[in-house]
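Novice: return a 3D structure for these sequence lines:
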Amino acid sequence: MSDNIQSINTIIERLKSMGDIPAIFYHEKSYSYSTFLNLVEEWENRISNKYKIDAGKVVSVLGDFSPQVCALFFALMKQKTIIVPFTHVIKSEISELKDIAKVQCQISFTRDQTWSFEDFDQNESNDLIAKFREKELPGLVVFTSGSTGKKKGILHDCERVMKKFVNKRAGWKTVLFLMMDHFGGFNTFLSAFAYEGMAVCIDERKPETVCRVIEQSSANLLPTSPTFLNLLIASKCYKYFNLSSIKLITYGTEVMTESTLQKTREIFPDARIKQTYGLSELGVVRSRSKGDSSLMIKIGGSGFETKIIDNILWIRSESNMIGYLNAD
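Specialist: Now for the predicted structure:
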């Protein structure tokens with residue numbers, strides 16, 4: 001094992017003991033951990049021997065969560081590349097974002113899990129990434145929303161991010177609802193596998209589709225947003241599917257109203273409802289809601305330090321970003 005990716009290797013070794021237990025659910029079919037790890041090995045061989053992707057190379061992945069995409073992410077981490085996830089939702093912005101990260105090649109996926117590889121003539125390097133390469137660690141680049149101006153590229157150390165998942169916790173059948181090009185989505189993806197759960201993939205984030213996949217997969221954890229919960233309430237799709245398997249709903253990214261929270265409790269009477277908190281710059285902070293009917297939240301825990309000075313919240317995280325690619 002390589003000492004500098006000890007946490008990543010620890011998680012992969014953990015997965016090897018899972019055998020025929022379902023690892024991922026996709027298009028009405030489940031894939032075992034054995035099958036999934038075979039996909040990871042196939043991608044390791046492909047990126048090394050066919051695509052000649054060396055450690056430190058900046059690789060963008062365009063698509064959405066699927067068995068192939070999830071396996072590729074693990075293979076790229078093992079190869080110590082810099083991963084830049086993109087989704088088709090932001091297709092018009094990808095050219096600009098590629099330039100910020102100085103992407104060197106891209107693997108693109110369609111809905112039927114077919115893929116294509118494109119190598120770019122990109123010799124220019126981002127200064128922060130160039131320094132990070134010296135550490136021979138896998139990286140992750142995500143981007144801010146750009147609400148305060150130009151989008152900023154954020155570089156994370158994947159080994160540092162994975163470290164918080166080394167201590168075992170209960171595994172969940174987790175709907176991969178949050179997008180993979182956001183830190184929260186990538187964090188959810190890692191936790192679904194690291195805790196020996198099952199990752200539930202969805203093609204689209206419409207209420208009917210999500211409800212159908214929950215029923216088919218018996219998913220028990222739904223990480224989502226207040227916006228989606230409002231769409232679910234308005235659509236009334238919850239009336240036509242069996243959603244009783246859901247035991248935990250986590251929400252974040254935006255403000256939740258008391259009326260939406262109350263209606264969500266009525267739709268999912270057997271589920272705990274937990275507010276989450278995180279920033280792309282420092283990761284997802286461990287949190288605890290005061291109660292299912294409360295919007296109050298407590299953050300902190302292992303790996304995080306918090307304090308309040310002059311009514312400003314300060315947070316220090318073990319999984320802090322390395323820095324911005326295009327800002328101080």
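
Novice: ends of stretch 284-298, how far apart?
Specialist: Length of stretch 284-298, first residue to last, C-alpha to C-alpha, to the nearest Å: 13 Å.

Novice: let me see the ranges of the helices in the stretch 1-150 of the chain.
Specialist: Counting by DSSP state H, counting those that start in this stretch, the stretch 1-150 of the chain has helices at residues 6-16, 33-45, 67-78, 94-101, 127-133.

Novice: give me the neighbour count for Leu137.
Specialist: By the criterion of other C-beta atoms under 10 Å, Leu137 has 21 neighbours. Every residue, glycine included, has its C-beta placed from N, CA and C.

Novice: what sits against it?
Specialist: Shown in contact with Leu137 (C-beta atoms under 8 Å, 6 or more residues apart in numbering): Asn4, Ile5, Lys80, Asp157, Cys158, Glu159.

Novice: of the helices of the stretch 1-150 of the chain, flag the one that's most buried.
Specialist: Ranked by mean neighbour count, the helices of the stretch 1-150 of the chain are led by helix 67-78 with a mean of 23 (mean count of other C-beta atoms under 10 Å).

Novice: dump that one to CSV, keeping only the CA atoms.
Specialist: Only the C-alpha atoms of helix 67-78 are listed here, as CSV (Å, rounded to 0.1, in the frame of the first residue of the first chain):
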residue,chain,number,x,y,z
PRO,A,67,-21.6,1.9,-11.9
GLN,A,68,-19.0,2.9,-14.5
VAL,A,69,-18.6,6.5,-13.3
CYS,A,70,-18.4,5.5,-9.6
ALA,A,71,-15.8,2.9,-10.4
LEU,A,72,-13.8,5.4,-12.5
PHE,A,73,-13.7,7.8,-9.6
PHE,A,74,-12.1,5.2,-7.4
ALA,A,75,-9.6,4.2,-10.1
LEU,A,76,-8.6,7.9,-10.7
MET,A,77,-8.1,8.3,-6.9
LYS,A,78,-5.9,5.2,-6.8
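
Novice: quick one on the thing from earlier: so which of the contacts of Leu137 wins on neighbours?
Specialist: Among those, the one with the most neighbours (other C-beta under 10 Å) is Cys158, at 25 neighbours.

Novice: pretty sure that residue contacts Pro138?
Specialist: Yes. Cys158 is within contact range of Pro138, at 4.0 Å (criterion: C-beta atoms under 8 Å).

Novice: anything in contact with each of these two?
Specialist: Listed as contacting both Cys158 and Pro138 by C-beta under 8 Å, 6+ apart are Ile5, Ile8, Met77, Ile83.

Novice: would you check which pair of the residues you listed lies furthest apart?
Specialist: Of all pairs drawn from the shared contacts of Cys158 and Pro138, the greatest distance, 13.3 Å, lies between Ile5 and Ile83 (C-beta to C-beta).

Novice: mind listing the shared neighbours of these two?
Specialist: With C-beta under 8 Å, 6+ apart as the test, Ile5 and Ile83 both reach Met77, Pro138, Cys158.

Novice: just the closest of these to Asp112, please.
Specialist: Using C-beta to C-beta, the shared contacts of Ile5 and Ile83 come closest to Asp112 at Met77, 24.9 Å.

Novice: so what's the nearest residue to that closest one once chain neighbours are set aside up against?
Specialist: Leaving out its chain neighbours, the residue that sits closest to Met77 by C-beta to C-beta, 6 or more residues apart in numbering is Pro138, at 4.3 Å. Pro138 sits next to 5, 8, 76-83, 157-159 when contact means C-beta under 8 Å, 6+ apart.

Novice: want to throw the contacts of Leu137 into JSON lines with pLDDT and distance to Gln262?
Specialist: Formatted as JSON lines, those follow (pLDDT from 0 to 100; distance: C-beta to C-beta, whole Å):
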{"residue": "Asn4", "pLDDT": "86", "distance to Gln262": "48"}
{"residue": "Ile5", "pLDDT": "93", "distance to Gln262": "45"}
{"residue": "Lys80", "pLDDT": "97", "distance to Gln262": "47"}
{"residue": "Asp157", "pLDDT": "96", "distance to Gln262": "40"}
{"residue": "Cys158", "pLDDT": "96", "distance to Gln262": "39"}
{"residue": "Glu159", "pLDDT": "95", "distance to Gln262": "41"}
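
Novice: tell me the one of those residues nearest Asp119?
Specialist: Nearest to Asp119 among these is Lys80, at 18.5 Å by C-beta to C-beta.
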